[in-house]
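K.L.:
Pasted the sequence and its predicted model underneath.
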Amino acid sequence: SDSEIIAYALDTLYNIISNDEEEEVEENSTKQSEDLGSQFTEIFIKQPENVTLLLSLLEEFDFHVRWPGVRLLTSLLKQLGPPVQQIILVSPMGVSRLMDLLADSREIIRNDGVLLLQALTRGNGAIQKIVAFENAFERLLDIITEEGNSDGGIVVEDCLILLQNLLKTNNSNQNFFKEGSYIQRMKPWFELVRVLVSPTNPPGATSSCQKAMFQCGLLQQLCTILMATGIPADILTETINTVSEVIRGCQVNQDYFASVNAPSNPPRPAIVVLLMSMVNERQPFVLRCAVLYCFQCFLYKNQKGQGEILLCGGLFSTDSLSNWCAAVALAHALQGNATQKEQLLRVQLATSIGNPPVSLLQQCTNILSQGSKIQTRVGLLMLLCTWLSNCPIAVTHFLHNSANVPFLTGQIAENLGEEEQLVQGLCALLLGISIYFNDNSLENYMKEKLKQLIEKRIGKENFIEKLGFISKHELYSRASQKPQPNFPSPEYMIFDHEFTKLVKELEGIITKAIYKSSEEDKKEEEVKKTLEQHDNIVTHYKNMIREQDLQLEELKQQVSTLKCQNEQLQTAVTQQASQIQQHKDQYNLLKVQLGKDNHHQGSHGDGAQVNGIQPEEISRLREEVEELKSQQGLLQSQLAEKDSLIENLKSSQVSAGNEQASAAASPRDSEQIVELKQELTALKSQLNSQSLEITRLQAENRELLQRAEALAKSAPVEGENENVATAKTTDVEGRLSALLQETKELKSEIKALSEEKTAIKMQLDSSNSTIAILQMEKDKLGIEVTDSKKEQDDLLVLLADQDQKILSLKSKLKILGHPVEEEDESGDQDDDDDETDDGDKDQDI
């Protein structure tokens with residue numbers, strides 16, 4: 001509970017364990033002190049409770065307790081990092097307590113907390129992940145921003161070192177850093193960029209980080225630093241290396257880099273300026289290596305850039321390092337680009353005034369034969385090997401010069417010192433490439449004649465031994481480890497990383513080619529041609545299948561679209577059917593009401609017949625009303641029939657999705673629609689005739705009223721009878737008006753139903769046409785699927801024939817002594833066994 005005593009105790013433990021000494025001491029004394037500190041640390045952590053207690057003391061806000069505790073724990077981690085890390089890792093909330101130090105308002109504790117986390121995260125992936133997910137990136141970037149980013153001092157450097165610990169070789173933290181949008185906050189500084197885009201990272205992670213760096217403008221700012229003036233050489237070198245890995249293999253970034261211009265008058269491309277620095281012997285060696293790496297990264301998987309670059313000036317410089325850099329850079333422009341190799345054969349150079357121009361290929365061999373420095377010859381031989389590999393046309397051009405083969409055989413056959421052995425090995429590789437990729441177009445330099453020449457002047461065993469000098473060289477393994485040229489001094493700049501891949505690929509192939517006889521070569525050529533034909537056929541059918549798959553996919557999409565349209569139409573028909581049902585219910589309700597009114601009117605009619613003034617005329621009117629009522633009943637029965645037809649149409653339309661049912665129902669529906677149309681026409685004519693009849697009744701009613709008025713004038717004494725007659729006449733007139741109104745309403749209802757039925761007919765016609773289209777598409781799709789199956793069956797038959805041919809050829813090669821891979825034979829044997837077993841099963845069946 002006494003913070004002062006705790007502070008003294010922590011300081012004492014720190015002094016015991018720490019090796020930090022203010023005064024200069026002898027080296028032996030320092031080693032003894034380091035050993036002693038490690039021993040005291042080991043004693044301290046034997047009881048893990050000591051470290052746990054120390055972690056709990058770090059929660060105290062008191063400066064005199066917290067700061068000594070941070071220093072003591074940092075010293076423990078420096079002395080014995082892994083065991084202390086393990087204790088902290090298993091301690092509850094151990095890492096979280098340490099992360100709180102970054103939020104301390106006292107800078108000295110915060111800064112020492114950064115140093116503590118540096119020691120804690122060094123080499124421990126589990127702790128790195130915990131620290132990262134405790135919001136370390138956000139806090140560290142905030143500290144860097146507060147300290148002025150790249151203008152900051154030692155604190156910024158410590159934060160960057162901690163960030164590097166968290167990101168280096170930790171794919172999980174790299175993904176978290178990318179997904180957390182922290183890359184966008186890296187514009188003011190670029191020290192960590194290479195960790196995220198290193199060629200040793202997984203390709204997908206590197207590519208996504210490269211794209212993010214271009215989108216947020218980080219690459220643009222790096223190029224601005226690259227082209228700025230007054231930048232120190234070491235910072236400029238690191239900037240070039242960073243830009244190199246940001247653009248390596250990323251087409252978008254490579255295109256942008258090609259568009260960058262240097263701030264000169266007139267402006268010149270940044271690539272040109274960099275290449276001029278590479279071949280300038282006054283530039284620092286590390287800077288020239290960085291420019292070469294930048295150029296290699298720019299050309300990596302960039303055929304467009306390879307076609308636009310031609311670097312010849314450095315090949316003819318008196319500086320051997322410039323020769324080597326230019327040769328390697330040009331080799332990268334040819335890497336994996338057969339078209340560029342053929343195009344480069346057309347390049348002609350004017351060597352001197354008055355002499356005819358020579359090809360670039362010939363000029364390289366001329367320089368090679370002049371006995372220049374080893375570094376120059378190695379660079380040119382690597383260029384020629386890259387140029388001629390997988391390019392028979394270039395091999396023909398090379399062999400066409402009669403001086404090249406004697407020069408190579410002479411170099412290989414001589415017994416030279418160790419310094420020249422590498423050149424001999426590269427000459428053997430170049431001659432082997434000229435044999436293996438030879439298309440026998442030159443009679444004097446056919447494969448067999450070149451092998452006889454080797455046998456006569458060099459000896460096959462001697463040739464293979466010289467070829468092995470390349471991979472056995474001490475600098476070969478160093479260059480094969482990583483793409484970046486990293487040499488301690490110019491004399492170590494011998495091998496290029498991509499060239500080591502080429503040697504590894506060709507060394508075994510050339511060895512086999514040297515020992516093959518002419519008959520074996522012929523048979524191998526036949527096998528190659530057969531395999532090429534087989535591959536071409538397989539490729540052709542694969543393309544056909546791919547195209548058919550695309551067509552099938554398009555047809556499936558069309559069918560899906562038509563199905564959606566059909567479903568929409570079915571929904572519309574269902575809605576129409578619902579509306580029809582609603583109208584039907586309304587019509588039934590009106591019909592019931594009309595029946596009640598007719599009953600009421602009938603009772604009044606009986607009274608009129610008994611008490612009428614003119615019974616014969618009233619009776620006639622009654623008969624006419626009864627006739628209208630019977631016609632109305634007939635209309636109701638006809639409308640009921642039409643309702644049943646509408647229900648039939650509804651059921652037919654709902655089942656339109658079923659193609660077979662639709663095919664059978666469509667003709668019947670069409671006949672019903674025609675019948676319905678005819679009956680609606682008859683119904684309209686009946687309504688017209690009824691309207692005429694009502695008009696006639698109205699005229700007779702007017703005559704009756706006139707006669708009643710005349711009778712009233714002629715017999716005024718009979719007042720009581722007159723009143724009765726007037727009441728009777730008014731009653732008849734009311735009933736006729738009601739009947740007329742109801743008839744009009746029925747007419748309007750029938751008209752609305754007619755319009756709805758017409759709309760339903762149009763919907764049904766549209767559905768029928770859609771169904772017909774779907775049926776046609778289905779038939780077409782079925783035909784195409786059948787054709788595709790036939791073509792696939794043909795392909796399977798063809799592949800089976802080709803497999804039999806390959807088996808036969810392999811057996812012939814085996815008989816001739818040619819090595820055949822056992823896996824293929826076992827695989828083929830298994831296939832044969834399977835076929836035999838299937839045949840036995842078929843026989844048993």
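P.N.:
Alright, I've got the coordinates.

K.L.:
Mean pLDDT per helix and strand in the protein: which one sits at the bottom?
P.N.:
Least confident helix or strand, the chain: helix 822-844 with a mean of 45, by mean pLDDT, DSSP states H and E.

K.L.:
chain center to stretch 329-340: distance?
P.N.:
Put simply, stretch 329-340 sits 28 Å off its chain's centre (C-alpha atoms, centre = their mean, to the nearest Å).

K.L.:
list the buried ones in it?
P.N.:
329, 330, 331, 332, 333, 334, 335, 337, 340 (16 or more other C-beta atoms under 10 Å). Just so you know, the C-beta spots here come from the backbone N, C-alpha and C atoms, and that holds for glycine as well.

K.L.:
Surely the first one is in a helix?
P.N.:
Yes. According to DSSP: H, G, I helix; E, B strand; the rest coil, the state of residue 329 is that of a helix.

K.L.:
Can you give me the distance of it to residue 288?
P.N.:
11 Å (C-beta to C-beta, to the nearest Å).

K.L.:
what's the overlap in contacts for the two?
P.N.:
residue 278 (C-beta atoms under 8 Å, 6 or more residues apart in numbering).

K.L.:
What ranges in the stretch 451-600 of the chain fall below the confidence cut-off?
P.N.:
Within the stretch 451-600 of the chain, the segments meeting pLDDT under 70 span 518, 521, 596-600.

K.L.:
er, the stretch 301-450 of the chain actually
P.N.:
311, 352.

K.L.:
Which stretches in it count as strands?
P.N.:
Along the stretch 301-450 of the chain, counting by DSSP state E, counting those that start in this stretch, strands occupy 348-349, 358-359.

K.L.:
Show me what the last one packs onto, helices and strands only.
P.N.:
Using 3 or more C-beta pairs under 8 Å, 6 or more residues apart in numbering; DSSP states H and E as the contact criterion, the elements in contact with strand 358-359 are strand 348-349.

K.L.:
contact partners of the strand it packs on?
P.N.:
Contacts of strand 348-349 (C-beta under 8 Å, 6+ apart): 312, 357, 358, 359, 360, 363.

K.L.:
Over to stretch 387-394?
P.N.:
Contacts of stretch 387-394 (C-beta under 8 Å, 6+ apart): 331, 334, 338, 341-342, 344-345, 361, 395, 398, 430, 433-434, 437-439, 441, 502, 506.

K.L.:
Determine how far the last residue of that stretch lies from the first.
P.N.:
Taking C-alpha to C-alpha, to the nearest Å, stretch 387-394 runs 7 Å from one end to the other.

K.L.:
ditto for stretch 174-186
P.N.:
End to end - C-alpha to C-alpha - stretch 174-186 spans 14 Å.

K.L.:
what is the rounded mean pLDDT of that stretch?
P.N.:
On average, the pLDDT along stretch 174-186 is 82.

K.L.:
Over to stretch 63-78?
P.N.:
pLDDT averaged over stretch 63-78 gives 94.

K.L.:
Next, the buried residues of it.
P.N.:
Buried-residue list, stretch 63-78, by 16+ other C-beta under 10 Å: 65-78.

K.L.:
and if you look at stretch 362-375?
P.N.:
362, 363, 364, 365, 367, 368, 369, 375.

K.L.:
what does that stretch contact?
P.N.:
In contact with stretch 362-375 (C-beta under 8 Å, 6+ apart) are residues 315-316, 320-321, 323-324, 349, 351, 358, 376-377, 380-381, 383-384, 398, 401, 403-404, 407, 419-420, 422-423, 490-491, 493-494.

K.L.:
circling back to that earlier point, looking at the buried residues of stretch 63-78, which is nearest residue 791?
P.N.:
residue 77 (68.8 Å; C-beta to C-beta).

K.L.:
quick check, the closest one in a helix?
P.N.:
Yes. Assessed by three-state DSSP, residue 77 belongs to a helix.

K.L.:
For it, give me its contacts.
P.N.:
Counted by C-beta under 8 Å, 6+ apart, residue 77 has contacts 84, 85, 116, 119, 120.

K.L.:
so where do the helices sit in the stretch 51-200 of the chain?
P.N.:
63-79, 81-90, 94-99, 107-121, 125-133, 136-146, 154-167, 171-179, 193-196 (DSSP state H, counting those that start in this stretch).

K.L.:
Point out the other elements, helices or strands, that the helix or strand that the shortest one is followed by touches.
P.N.:
Meaning helix 193-196. Moving toward the C-terminus from helix 193-196, the first helix or strand encountered (DSSP states H and E) is helix 203-215. Applying 3+ C-beta pairs under 8 Å, 6+ apart, one finds that helix 203-215 contacts helix 171-179, helix 193-196, helix 233-247, helix 251-259.

K.L.:
One more pass at 6 Å, please.
P.N.:
Helix 203-215 is packed against helix 251-259, with contacts defined by 3 or more C-beta pairs under 6 Å, 6 or more residues apart in numbering; DSSP states H and E.

K.L.:
Pull out the buried residues from stretch 265-284.
P.N.:
270, 271, 273, 274, 275, 277, 278, 279.
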